[in-house]
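Novice: just coords:
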């Protein structure tokens, strides 16, 4: 087995008519270069070397009737396989493909001698992989998570079936189609001249503060969601927010939508059980924290020293954009 | 019965601890000023006067054990009631609260003598209502649609129950929580100097062209989705997109995320069955179309004359922003 690295060319998701053609789908499964990303509750299989990549295993070895077609790269079709479902398709599985290390616990790493890979928690994987590989990991994780959580139809309770190679589930009884869910989340810096408002969750490492964030509610624009979340969490009123960047965060299915919003009125008061504190930081404090190496964090346990979120998080990217502006 | 107009103050969605307190929720239902937005497969109940507003009916008249708490306005609690579910809670209902008029058919209007209201299809309502009222209509429609389509748990098939006054459904067996679904959709203008790329669906009125659009796929950033959708639909390659605006479109649960993206290469070729044509329009052509009154459209049936989407659509707002730039 020679895991082939994803070559960095954009994956063609084949999100079109081809997926509706059973003969075409069968040909992808039988393709001699058909490979699969393998993941399970323990995490994602990466190549076991110095510069890890997403392991692309021969589909025939990864196995599983429920293989989901991610798309086509330069060599051929690429699938995703949930190794826990492949082993016990009828059994109960946890609702999320391995999110180990999400809360700052030690990273999960398990060597898989059988596969010649190592199994790495998603957060660790996101930090370790080059950017194009991170995209592949995010796509596979998001799709596997959706299928784990949507094996039944929400409007009639019947079991549903995989269709279009995995981008759809259908009801055998009535043919209704169900598409993967992606949950938009707004994440925002509130700025007031040379200071920025950050919040802290009690579960985070000592000293860590980050951007405020929350799910978009039904019938809201992003801009309305930004204003509502800031008000709910800190009782601060903001002006029109400005969009900065987006990032998928498939744990299980979030899409982070980053903004900066000007402060208008109100002093930050924690008004929401999710946060234990929210306060202003000066540009100098934030710049100092941004210079720290993440590897030094374990030593720096003073609650009075700001620690920013890791570089893989969009919150950190928002801070870096703000510092550069 | 005197329908009370929504007063324009932002609705407090009470998306916090209050919703977890059964006593607080019961007090909202029993509140003497408890009112409800009423909607069903036929559409939304509006006040029956010259300047229509969302009809806020006394909750006791709107009825229904399944009333969903939208939030609190200056007068008291505001609920949403699905009149079809209230009348036949165990029966089968169509999956979407009235989307009449969505495809350019004649607007649905039904006088409801019993209620002193008129029932209006959602698209007609969105166009007729002032902006703050449109937000209330979007919120109520999105939440009612989600509950219609999610009466069962997608990961175990059991019936679920309304919780937190309607912002959550829970599984009585295991306590798992399910949150309303919002589907992010990218919608984008491709620009190349003084021309813009628009596409046309066969179902649209004669001459209508609009922005390209498509659902965000799992594990994608918004920017990746813009580039992928443009390439899939027209085989055109774009550069880094720039975010312009967002708009909820709760039919049943979309959130439209508007971008403009610079053309890089490729001549538009329709490569997707959703579109029958995609082509460049000059700034002069678009500006001329933007000056036309929507009421004149019925007369203008030449396929050679560009007709822009109606002003309530974000596609039109993107065009107006592009013209002003």
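Specialist: Now that the structure is in, tell me what you want to look at. None of the values given here were measured: they were computed from a predicted structure. Numbers count the residues shown, from 1 in each chain, chains lettered A, B, ... in the order given.
Novice: okay, now residue A:205: neighbour count?
Specialist: Applying other CB atoms under 10 Å in any protein chain shown, we find 13 residues neighbouring residue A:205. For glycine as for every other residue, the C-beta is placed from the backbone atoms N, C-alpha and C.
Novice: I'd say it and residue A:307 touch.
Specialist: Yes. Counting by CB atoms under 8 Å, residue A:205 sits close enough to residue A:307 to count as a contact (6.4 Å).
Novice: Helices of the stretch 101-250 of chain A, start to end?
Specialist: A:122-128, A:131-149, A:222-234 (DSSP state H, counting those that start in this stretch).
Novice: Check what pLDDT residue A:114 gets.
Specialist: pLDDT, residue A:114: 70.
Novice: Let me see the contact set for the closest residue to residue A:128 other than its chain neighbours.
Specialist: Distance criterion CB to CB, 6 or more residues apart in numbering or on different chains; nearest residue to residue A:128, sequence neighbours excluded, is residue A:52 at 5.3 Å. Neighbouring residues of residue A:52 by CB atoms under 8 Å, 6 or more residues apart in numbering or on different chains: A:46, A:118, A:120, A:125, A:128, A:129.
Novice: could you redo the last one with a cut-off of 7 Å?
Specialist: By CB atoms under 7 Å, 6 or more residues apart in numbering or on different chains, the contact list for residue A:52 reads A:46, A:128, A:129.
Novice: now the last one, nearest residue through space, not along the chain?
Specialist: When you say that, I think you mean residue A:129. Nearest non-adjacent residue to residue A:129 (CB to CB, 6+ apart): residue A:137, at 6.0 Å.
Novice: where are the low-confidence patches of chain A?
Specialist: Counting by pLDDT under 70, chain A shows low-confidence ranges at A:1-10, A:64, A:86-113, A:127, A:131-132, A:272-273, A:293-301.
Novice: domains in it, as residue ranges please.
Specialist: Using automatic domain parsing, the domain parsing of chain A gives A:17-151, A:183-324.
Novice: Can you get me a residue count around the closest residue in space to residue A:48 that isn't next to it in sequence?
Specialist: The shortest distance from residue A:48 to any non-neighbouring residue, by CB to CB, 6+ apart, is to residue A:118 (4.7 Å). Using other CB under 10 Å, residue A:118 has 20 other residues around it.
Novice: Just want the angle from the host helix or strand of residue A:257 to strand B:254-265.
Specialist: Assessed by DSSP states H and E, residue A:257 sits inside strand A:254-265. Orientation check (axes from the mean of the first three to the mean of the last three CA atoms, to 10 degrees): strand A:254-265 against strand B:254-265 gives 100 degrees.
Novice: List of residues touching strand A:254-265?
Specialist: Against strand A:254-265 from outside (CB under 7 Å, 6+ apart): A:182-192, A:197, A:222, A:226, A:230, A:236-239, A:241-249, A:314, A:318, A:322, B:184, B:216.
Novice: likewise stretch A:59-76?
Specialist: A:1, A:4, A:6-7, A:9, A:11-14, A:25, A:28-29, A:31, A:33-38, A:77-82, A:85-86, A:89, A:139-140, A:143, A:147, A:162, A:165-166.
Novice: follow-up on the earlier one: shouldn't the residue nearest to residue A:129 be in contact with residue A:53?
Specialist: No. Counting by CB atoms under 7 Å, residue A:137 stays clear of residue A:53, with 9.7 Å between them.
Novice: Name the residues contacting each of these two.
Specialist: With CB under 7 Å, 6+ apart, residue A:137 and residue A:53 have common neighbours residue A:129.
Novice: Show me which of these two is the more surrounded one.
Specialist: Using other CB under 10 Å as the criterion, residue A:137 and residue A:53 rank with residue A:137 on top: 26 against 21.
Novice: Distance check, the more buried one against residue B:219.
Specialist: 8 Å (CB to CB, to the nearest Å).
Novice: Quick check: phi and psi at residue A:209.
Specialist: As for residue A:209, its main-chain torsions (degrees, to the nearest 10) stand at phi -130, psi 150.
Novice: How many neighbouring residues does the closest residue to residue A:182 other than its chain neighbours have?
Specialist: Spatial nearest neighbour of residue A:182, chain neighbours left out: residue A:255 (5.1 Å); criterion: CB to CB, 6+ apart. Using other CB under 10 Å as the criterion, residue A:255 is surrounded by 26 other residues.
Novice: After the helix or strand containing residue A:27, heading C-terminal, what element do we hit next?
Specialist: Per DSSP H and E: residue A:27 is located in helix A:22-30. Going down the chain from helix A:22-30, the next helix or strand is strand A:35-40, by DSSP H and E.
Novice: Please list the outside residues in contact with that next one.
Specialist: For strand A:35-40, using CB under 7 Å, 6+ apart, the contacting residues are A:4, A:45, A:54-59, A:62, A:67, A:70, A:78-84, A:97-98, A:136, A:140-141, A:144.
Novice: how close does the residue nearest to residue A:202 when sequence neighbours are not counted sit to residue A:236?
Specialist: Nearest residue to residue A:202 in three dimensions, chain neighbours excluded: residue A:276, at 4.5 Å (CB to CB, 6+ apart). From residue A:276 over to residue A:236 the distance is 16 Å, taken as CB to CB.
Novice: OK, contacts around residue A:196?
Specialist: A:189, A:190, A:281, A:286, A:322.
Novice: Surely the last one is within a helix?
Specialist: Yes. Read with DSSP: H, G, I helix; E, B strand; the rest coil, residue A:322 is one of the residues of a helix.
Novice: Could you tell me how many residues sit around it?
Specialist: 17.
Novice: Spatially nearest residue to it, not counting backbone neighbours?
Specialist: Nearest one to residue A:322, counting by CB to CB, 6+ apart, is residue A:189 at 5.6 Å.
Novice: you'd agree that neighbour is up against residue A:317?
Specialist: No. With contact defined as CB under 7 Å, residue A:189 does not reach residue A:317; the gap is 10.6 Å.
Novice: more crowded one of these two?
Specialist: Higher neighbour count among residue A:189 and residue A:317: residue A:189, with 23 against 19, using other CB under 10 Å.
Novice: how near is the more buried one to residue B:241?
Specialist: 21 Å.
Novice: ditto for residue A:218
Specialist: Residue A:218 is 26 Å from residue B:241, where distance means CB to CB.
Novice: out of those two, which sits in the more crowded spot?
Specialist: residue A:218 (28 against 23).
Novice: tell me the contacts of the nearest residue to that one once chain neighbours are set aside?
Specialist: Leaving aside its chain neighbours, residue A:218 sits nearest to residue B:142 (3.4 Å; criterion: CB to CB, 6+ apart). Contacts for residue B:142 (CB under 7 Å, 6+ apart) come out as A:218, A:219, B:180, B:248, B:250, B:253.
Novice: residues near residue A:130, how many?
Specialist: 14.
Novice: and what of residue A:114?
Specialist: Around residue A:114 there are 8 residues (other CB under 10 Å).
Novice: which residues does the residue nearest to residue A:322 bridge with?
Specialist: Judged by DSSP bridges, the bridge partners of residue A:189 are residue A:260.
Novice: what's the distance between it and chain B?
Specialist: 16 Å (CB to the nearest CB, to the nearest Å).
Novice: Please apply the same query to residue A:309.
Specialist: Using CB to the nearest CB, residue A:309 is found at 18 Å from chain B.
Novice: Stretch A:175-194 spans what distance, first to last residue?
Specialist: 56 Å (CA to CA, to the nearest Å).
Novice: that older thread, out of the domains of chain A, nearest to residue B:174?
Specialist: domain A:17-151 (10.4 Å; CB to CB).
Novice: now the strands for the stretch 51-200 of chain A?
Specialist: In the stretch 51-200 of chain A, the segments counted as strands under DSSP state E, counting those that start in this stretch are A:57-58, A:68-72, A:77-82, A:109-112, A:117-120, A:161-163, A:168-170, A:177-178, A:183-192, A:195-200.
Novice: Quick one: these as JSON lines, columns for distance to residue B:158 too.
Specialist: Shown next, in JSON lines, are the strands of the stretch 51-200 of chain A (distance: least, CB to CB, whole Å):
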{"stretch": "strand A:57-58", "distance to residue B:158": "35"}
{"stretch": "strand A:68-72", "distance to residue B:158": "25"}
{"stretch": "strand A:77-82", "distance to residue B:158": "22"}
{"stretch": "strand A:109-112", "distance to residue B:158": "33"}
{"stretch": "strand A:117-120", "distance to residue B:158": "32"}
{"stretch": "strand A:161-163", "distance to residue B:158": "19"}
{"stretch": "strand A:168-170", "distance to residue B:158": "17"}
{"stretch": "strand A:177-178", "distance to residue B:158": "17"}
{"stretch": "strand A:183-192", "distance to residue B:158": "22"}
{"stretch": "strand A:195-200", "distance to residue B:158": "36"}
